[in-house]
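Enquirer: Based on what follows, work out the 3D shape:
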Amino acid sequence: MNSELTTIKIKEAYDLLDKLINLAKNAAIHRPYIVVIVLHEYFRNIWPNDPFIQETLSEDRLENIILCLKKSITILEDTEFFGSYFSSEEDLTKIFENDDNNENELTQTVYGNLWKMLNDDYVNNESKNVLVNLFEKNDQNVTILKDKHILDMGCGSGRFTIALAQLGAKMVTGIDLGKTGILVGRKVSEKLNLQNIKFLEGNVTSLPFENDSFDFVFSKGVLHHTGNLEKGLDEYYRVLKKGGKGFLYLYGSGGLFWTSRIKMREVMKLIPMNYTINMLNILGMPSKRYVFVDSWYVPIEEHVKRQWLENYLKSQNYSHIQKVEHTGTIDINSMSNQPYSKELWGDGELRYFLTK
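Expert: Numbering: from 1, shown residues only. Model (predicted):
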């Protein structure tokens, strides 16, 4: 497809996305079940590595997304006559178990609820395999973790904290604001009889550790949810020992994918998270895919420009900054050589190995 035609098709996709979002907002209160199903299906089609998509509407990825948007719009338009037991927003929001409006506390609630739903195999085995692939596919030896003091900065329920401990660390400290995730992590680590692991409640933008405390700092998909990214990056650097290494992952910016995530949150904030999770459970969504729900409900999500991040990391005087090129799975970055990659994925996902 030539560049002029690509530009036309991308504009069509954005126009259709705006129409879908407006229809979904209007339907969210009275027909929330339809909205959850439709947006979930669109998310499945724009997500680069959904293993549950068996059939596509077109072999052309951009055309497939456009056709999915059109069908999603048709579904919302054709179900306007569907009834609902919810006559008002008040009726629907009664389903909320937690109506806390504080953004940090709501972030904890979102991730706490999601982490509780991950099954044992995902936490205990798949997370470890993810780390091994991450290291080996980028010319890093996972044995560098052996006998090291490691910080999991924003650990959630400890899925990677546990994996790091299982890979031979001397001690892994997982820190997170969320009480629920910390409790889950402690229970799982006790069940596995891991002695080289501990969990703390704390803020990653104000870490309770001395300078140069850790041999390795791990932070995967956390600092963009803090509302203070630069402070989080500064704390990361501060607690890492001179010569120490680390891994950092942040959301990129730009492209239809990230824009869709942002716009879908405008709709889903009208529907209680517990309602959505119950609907997805009815649809048979595997537990590990509940992490998709963070895209809809986490209140703080910053999207980072790659050039800005690389400039900031250089200003911190890391001795080596290595961009992660491969993760061993099909992800956004693995699509970089595919047609429309910049238009669909923008800066992609920002993953780096760092050496202080």
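Enquirer: Report the secondary structure state of residue 300.
Expert: coil (DSSP: H, G, I helix; E, B strand; the rest coil).
Enquirer: how about it, phi and psi?
Expert: Main-chain torsions, residue 300, degrees, to the nearest 10: phi -120, psi 120.
Enquirer: Use 32 as the first number for this chain going forward.
Expert: Got it, the first residue is 32 from now on, which makes the last one we talked about residue 331.
Enquirer: Grab the longest strand from this protein for me.
Expert: If you go by DSSP state E, the chain has its longest strand at strand 271-282.
Enquirer: which residue of the protein sits farthest from its center?
Expert: Largest separation from the mean C-alpha position in the chain: residue 112, at 35.0 Å (CA atoms, centre = their mean).
Enquirer: ok, now how distant is that residue from residue 58?
Expert: The gap separating residue 112 from residue 58 is 12 Å, by CB to CB, to the nearest Å. Placement of C-beta: from N, CA and C, glycine included.
Enquirer: Over to residue 171?
Expert: Taking CB to CB, one finds residue 171 at 47 Å from residue 58.
Enquirer: If you count surrounding residues, which of the two has more?
Expert: residue 58 (24 against 16; other CB atoms under 10 Å).
Enquirer: check contacts around that one.
Expert: 65, 66, 107, 110, 111 (CB atoms under 8 Å, 6 or more residues apart in numbering).
Enquirer: Can you tell me which of these lies closest to residue 328?
Expert: Comparing these against residue 328 with CB to CB places residue 66 closest, at 13.7 Å.
Enquirer: In terms of secondary structure, what does the helix or strand where residue 375 lies contact?
Expert: For residue 375, the host element (DSSP states H and E) is helix 372-376. With contacts taken as 3 or more CB pairs under 8 Å, 6 or more residues apart in numbering; DSSP states H and E, helix 372-376 sits against helix 92-109, helix 286-299.
Enquirer: do that again at 7 Å, thanks
Expert: Packing partners of helix 372-376 (3 or more CB pairs under 7 Å, 6 or more residues apart in numbering; DSSP states H and E): helix 286-299.
Enquirer: Could I get the average pLDDT for the helix or strand following the helix it packs on?
Expert: Counting by DSSP H and E, the next helix or strand C-terminal to helix 286-299 is helix 304-314. For helix 304-314, the mean pLDDT works out to 81.
Enquirer: Between helix 286-299 and helix 304-314, find me the angle.
Expert: Between helix 304-314 and helix 286-299, the angle comes out at 110 degrees (axes from the mean of the first three to the mean of the last three CA atoms, to 10 degrees).
Enquirer: Quick one: distance of helix 304-314 to the chain centre.
Expert: Put simply, helix 304-314 sits 18 Å off its chain's centre (CA atoms, centre = their mean, to the nearest Å).
Enquirer: and the next element down the chain from that helix?
Expert: helix 325-328.
Enquirer: can I get the CA coordinates of that following helix in CSV?
Expert: Taking Å, rounded to 0.1, in the frame of the first residue of the first chain, the C-alpha atoms of helix 325-328 are listed here in CSV:
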residue,chain,number,x,y,z
ASP,A,325,-5.5,-2.5,33.5
SER,A,326,-5.7,-0.7,30.1
TRP,A,327,-9.3,0.2,30.9
TYR,A,328,-9.3,1.1,34.6
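Enquirer: I'd like to know which elements it is packed against.
Expert: By 3+ CB pairs under 7 Å, 6+ apart, helix 325-328 packs against helix 134-147, helix 286-299.
Enquirer: now with 6 Å?
Expert: If contacts are counted by 3 or more CB pairs under 6 Å, 6 or more residues apart in numbering; DSSP states H and E, helix 325-328 sits against helix 286-299.
Enquirer: Could you list every helix and strand in contact with the helix it packs on?
Expert: Helix 286-299 packs on helix 34-58, helix 63-77, helix 325-328, helix 372-376, going by 3+ CB pairs under 6 Å, 6+ apart.
Enquirer: Summarise which helices and strands the second one is packed against.
Expert: Same thing as helix 63-77. helix 92-109, helix 286-299, helix 304-314.
Enquirer: Before I go, just wanted to say thanks for your time.
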